[in-house]
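Novice: Sequence and computational prediction follow.
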Amino acid sequence: MKRDYAGAAPGPASAGSGAAVALGPGSPPRLSLWRRQRLAGWLFLTPAIAYLLFAFALPIVYNVMLSFEQTSPATIAHFTAPFAGLANYRFILGDPTSRTAIIHTFEFTAGSLAGQFIIGFALALLFTLRFPGRTLGRSLIIVPWLLPLIVTGVIFKFLFQLEGGAVNQILMDVGLAHQPIDWLDDPHLALWTVLIANIWLGVPFFTLLLYSALQDVPVEVKEAALMDGAGPWQRLRLVIVPIILPVIEVTFLLGFVFTVKVFDLVIGLTGGGPANATQLITTWSYNLSFQVFSFGEGAALNNVLLVLALICSPLYLLLSRGSLRRSSGAAG
Amino acid sequence: MNQWKRVRRLGLATLTAASFAVVGLSQVSTSAAPTIQLTEEDYFNTPGQISALAAYTKQFEAAHPGVTVTRQYVPFANLDTKLLTQAAGHDLPNLLAVDNPFVSTMISTGQVVPLSGLKGFSTKGYYPAIINEGLSNGKYYSYPVAGANSIALIYNIAMLKAAHVSPPATWAQLVTVAKALTTKQHFGIALTCEAAEDTTWQWEPFFWSNGGQATFANVAGAPGVQALSLWKQLITDGSASKACLNWSQTPAASSQFIAGKAAMMVNGPWNFPTLNLNHMYYGKQFGIVPVPVRVPGQHVVVPLGGEDWMVSNSGGSAAQQMAFEYIQGMQTPAKELQLAKLFGYLPGKIAVAQTYLKQAGPEWKVYIDQTLYAHPRTLGLGVKYPKISQAVWTAIQAALSGSQSVQSALNTAQGQIKSVLSS
């Protein structure tokens, strides 16, 4: 049965001649089936690729193009404007407000993430304890999520008002402040106020993710640590945190993405003021593009944000791969 | 079976005949009167403005068979951006009503047509400041929508009486009167100092009346320093709330006045309907005087507010001419009076405004008188105005919030303005 053997053999030369005889016309379509499947695969991918090109690549490319152009309302009716070289980037580097906006964005993001993590983790730990009203508390915690950001901005504006604002009223009633605090109008305080509002907004996200991670910490591990005589702080630091570390990392990264693009909240709360004290990259580039119509300068500043995001996404991939390895290692 | 077929065939035939008839009919109607479908965009949202435009459109359509005008409302904050996007796509509405500082930006896009090139355009009788809003390279691009508006000092009569003071005419009086009017219940005056155009607009009468240049090129000189120091003084004295750094002119500052939390405000006639709604009437609950000047004898120069009609190059010349006729029809004295009343504005023609004063009541007198000295914000500046205005409101915020001194805040602004002006 040499013929049959040859037909089953993987060698291309022998398979070609043997199979042609053994299988007759069945062999050539096998190759083209593979090719057809590949083609079908690409066909199925086409809508997704088209969407990605249209919705992500095109705006980014256009934004990069704009940032090298000398734009104005007079050039807007044409697809391209005169080439400006690095003039827009030079403007961004020389413009004090752009520079402070970049610094504010870093401060704001770092402050938000720190505050959101500490409060969110504390709440997540609290909800793992059994106490009356736990379920209600857990469902109430997501309320900030249900409000549109611009509404949050307006609510906080009312709360932090100089005269008649609830925050000042409470602080003065309990004796923590002797005179109304200038939350929104003091250039040194305004960024803190926006930060507080954003922390409030982001806490539910951290709480929910960390809470569900805490639920997954095996009871045996916790009990074993208890038996070994570990105190609460040691249990948290040496047992629980290492186990949920992958979730913490990913939560931080997603939180970073949510925070670095905050816009509505600041617009609703301070409009970037007083005197640009709360101007972030997002609000200032919006201002450059749509308030004073310097689209090129706005695009250049926005590209700074783009670079930040580009630095972040490989980091995310790296971290999530590392987390995966660690968590599978822990399981095994 | 056969019968069914026949019925079906009959039905099909009827349908075909009917559709031919429909096509025929529509062809007949198009050849009888050319149809022109005009589109229009604006941000008018008070009941008076909406009904005024709807009534006029209905009348216009009745007088021009085959012409329809479809209005689209776009919120104030989005209109400029939307129009620029549409200009980028060569897809502007035939008619646009824009805030007057935006007129020169629209002209620079090259997507609007000069009205002075169309049949029937005339600048005769208009306040020069109003018709000049659309002047560029010797061509006129706009007509006022419902005339214009400006700002003046509105005061609470009862509070002034209680404090035994009379309305201020000079800055020195403003400082003392505002101080006298400040009690535990209310501030002397509600300022507007948010991070937006209305802050610059509020400060312009103080700066311009005091000898400030229309281009703000000398903003760090004496006229600017004096005008900003006045505002700073009002806040240091406690006569004005520092919370104004987050107040818009309307509704934030105006609601402070209406709620009795401020005895005075600088504001415009569009507040009359709201004031009346809150049982505040001119001569009884509130009075109006011009914005105070530093020394007696200075002219009050106010910025000119209001919207302008523009015609885009969308559609053919027939559509452009028809769009122009639509806005031309609003420029008759009778229509101007009607629109001004429903909008809460003052008519754009001098003679009509005088008639209006007799009809509309004395609360308009100050506004009408000062329109002669009103200054269109973008005149000679064009698309540079938004950048200049931003430098100015940022300086105002910096000085009032205390992050910079008055002089250094204005120095920063003047540096920025000089580079904008020379670009």
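Specialist: Yep, that arrived.

Novice: first to last residue in stretch A:229-242, what's the distance?
Specialist: Length of stretch A:229-242, first residue to last, CA to CA, to the nearest Å: 18 Å.

Novice: do stretch B:324-341 as well
Specialist: End-to-end for stretch B:324-341, by CA to CA: 23 Å.

Novice: How about stretch B:369-379?
Specialist: Span of stretch B:369-379 from end to end, CA to CA: 21 Å.

Novice: ok, the closest residue in space to A:P82 that isn't next to it in sequence - how many residues close by?
Specialist: In space, and not counting its chain neighbours, A:P82 is closest to A:Q70: 4.6 Å by CB to CB, 6 or more residues apart in numbering or on different chains. The C-beta positions use only the backbone N, C-alpha and C, and glycine is treated the same way. A:Q70 is flanked by 15 other residues according to other CB atoms under 10 Å in any protein chain shown.

Novice: how about A:Q70, what does it touch?
Specialist: With contact set as CB atoms under 8 Å, 6 or more residues apart in numbering or on different chains, A:Q70 has these partners: A:81-84, A:87, A:296.

Novice: what's the spacing between it and chain B?
Specialist: Look at A:Q70 and chain B: by CB to the nearest CB, to the nearest Å, they are 10 Å apart.

Novice: And that residue, its phi and psi?
Specialist: phi -90, psi 90 (degrees, to the nearest 10).

Novice: Next: B:S239.
Specialist: phi -80, psi -20.

Novice: which element is B:T68 on?
Specialist: B:T68 belongs to strand B:67-73 when assigned by DSSP states H and E.

Novice: How far does that strand sit from its chain's centre?
Specialist: Distance of strand B:67-73 from the chain centroid (CA atoms, centre = their mean, to the nearest Å) equals 21 Å.

Novice: So which bits of it are buried?
Specialist: B:67, B:69, B:71 (16 or more other CB atoms under 10 Å in any protein chain shown).

Novice: neighbouring strands for that strand, and are they parallel or not?
Specialist: strand B:36-42 (parallel) (DSSP bridges).

Novice: mean confidence for the partner strand?
Specialist: The pLDDT scores in strand B:36-42 average 95.

Novice: Using PDB, write out every CA atom in that strand.
Specialist: Taking C-alpha atoms only, strand B:36-42 is exported to PDB below (Å, rounded to 0.1, in the frame of the first residue of the first chain):
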ATOM      1  CA  ILE B  36     -36.500  77.100  -2.600                       C
ATOM      2  CA  GLN B  37     -35.900  75.400   0.700                       C
ATOM      3  CA  LEU B  38     -33.900  77.700   3.000                       C
ATOM      4  CA  THR B  39     -32.300  76.600   6.300                       C
ATOM      5  CA  GLU B  40     -31.600  78.900   9.200                       C
ATOM      6  CA  GLU B  41     -29.600  78.500  12.400                       C
ATOM      7  CA  ASP B  42     -29.600  80.600  15.600                       C
END
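
Novice: Buried residues in it, which are they?
Specialist: For strand B:36-42, burial by neighbour count (16+ other CB under 10 Å) applies to B:36, B:38-42.

Novice: hmm, back to that, TSV please, covering the buried residues of strand B:67-73 and showing distance to B:S122.
Specialist: Shown next, in TSV, are these (distance: CB to CB, whole Å):
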residue	distance to B:S122
B:V67	22
B:V69	22
B:R71	26
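
Novice: any chance of those in TSV, plus pLDDT?
Specialist: Converted to TSV, these look like this (pLDDT from 0 to 100):
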residue	pLDDT
B:V67	95
B:V69	96
B:R71	96
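
Novice: Phi, psi for the residue positioned nearest the centre of chain B please.
Specialist: With distances taken as CA atoms, centre = their mean, B:G306 lies nearest the centre of chain B, 2.7 Å away. Phi and psi for B:G306, reported as degrees, to the nearest 10, are phi 130, psi 170.

Novice: hang on, it packs against B:A146?
Specialist: Yes. If you go by CB atoms under 8 Å, B:G306 and B:A146 touch, sitting 7.3 Å apart.

Novice: Now for the two: what residues contact both?
Specialist: With CB under 8 Å, 6+ apart, B:G306 and B:A146 have common neighbours B:Y345.

Novice: need the helices for the stretch 201-332 of chain A, in chain order.
Specialist: Secondary structure of the stretch 201-332 of chain A, counting by DSSP state H, counting those that start in this stretch: helices at A:219-227, A:232-234, A:241-260, A:264-269, A:281-290, A:295-331.

Novice: between the buried residues of strand B:36-42, which is nearest A:A224?
Specialist: Nearest to A:A224 among those is B:E41, at 69.5 Å by CB to CB.

Novice: May I have the beta-bridge partners of the closest one?
Specialist: Beta-bridge partners of B:E41, as defined by DSSP bridges: B:Q72, B:L96.

Novice: Just list the residues touching it, thanks.
Specialist: B:71-74, B:79, B:82-83, B:93, B:95-97.

Novice: Return a selection command, for use in ChimeraX, containing the buried ones of those residues.
Specialist: If you want just the buried ones from the contacts of B:E41 in ChimeraX, going by 16+ other CB under 10 Å, the selection is:
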select /B:71,74,79,82,83,93,95,96,97
